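Q: Pasting the sequence and the predicted model now:
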Amino acid sequence: MNLELKKRIITSIVLLSLLFLMYLYSYLLIISIIIITLISWIEFYGLISKIFSTEKILLFFCKATSLTYFFFLTGLILYIESEIKEFKIYIIYSVLISITSDIGGITFGKFFKGKKLTKISPNKTVSGSLGSFILSIFLIPFFYDHLNHHGLFTLIIMTFLISLSSQVGDLFISFMKRKAKVKNTSNLLPGHGGFLDRVDGMILSIPVGFYLLNLSI
């Protein structure tokens, strides 16, 4: 096992532990969400500053739009936490789909290899994308008691769409990094890059997941 992989595993364990503690303690959730949002936006601003360095108007528009969206996402999570706690499971499910999509993409992509998915991110393959969907589906038995009002088939479709939105978010940030000519958004997380590198899929999967899972309520 190389040093980079060891760093990635250790950081993943720390992040998953933090996620569990955030679920248990509301104050830790609020503090963590605010900090992660601020750091992620700063990293995103670093990307668009490199891409649009000579286009001030476009840079300002992207800055304002991204800041509004990041804080909308933060507000949504905090509102759910404070006002409608029974819906917290939707957020957790969406986050875990992003995580399993990421793990499935890496694992299946390295094992099966095969055709490249897109030029945006040369390391991503069709097999990796299928692995993201497959591994996400395995979450359903663990959450079915909480989400069975949707029915199994509907829940499978929703899980598929949430995983798809996570992959789109991942590809979007990969595209931005490619345009900015950087490998990682920062070096804050050993073996992982920046916070934005870790939450890129969640940027879309959380609002999409909450909307879909809330449809029949």
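A: Looks like it arrived, so ask away. Numbering: from 1, shown residues only.

Q: drop to CA atoms for contacts and neighbour counts, all remaining ones
A: Fine.

Q: Off-centre distance for the helix or strand residue 49 falls within?
A: Taking DSSP states H and E as the criterion, residue 49 maps to helix 26-51. Computed by C-alpha atoms, centre = their mean, to the nearest Å, the chain-centroid distance of helix 26-51 equals 13 Å.

Q: tell me what it is packed against?
A: helix 3-24, helix 56-83, helix 152-180, helix 195-199 (3 or more C-alpha pairs under 8 Å, 6 or more residues apart in numbering; DSSP states H and E).

Q: Could you identify the helix or strand that succeeds the second one?
A: Read in the C-terminal direction, the helix or strand following helix 56-83 is helix 88-112, with elements assigned using DSSP H and E.

Q: picking up where we left off before, mean confidence (pLDDT) on the helix holding residue 49, please.
A: Across helix 26-51, pLDDT averages out at 85.

Q: That helix versus helix 56-83: what angle between them?
A: Taking axes from the mean of the first three to the mean of the last three C-alpha atoms, to 10 degrees, one finds helix 26-51 and helix 56-83 inclined to each other by 170 degrees.

Q: in helix 26-51, what's buried?
A: By neighbour count, with 16 or more other C-alpha atoms under 10 Å as the criterion, the buried positions of helix 26-51 are 29-30, 33-34, 37-51.

Q: what secondary structure does the residue lying farthest from the centre of the chain sit in?
A: In the chain, residue 54 marks the outermost C-alpha relative to the chain mean, sitting 29.8 Å out by C-alpha atoms, centre = their mean. At residue 54, secondary structure determined by DSSP: H, G, I helix; E, B strand; the rest coil is coil.
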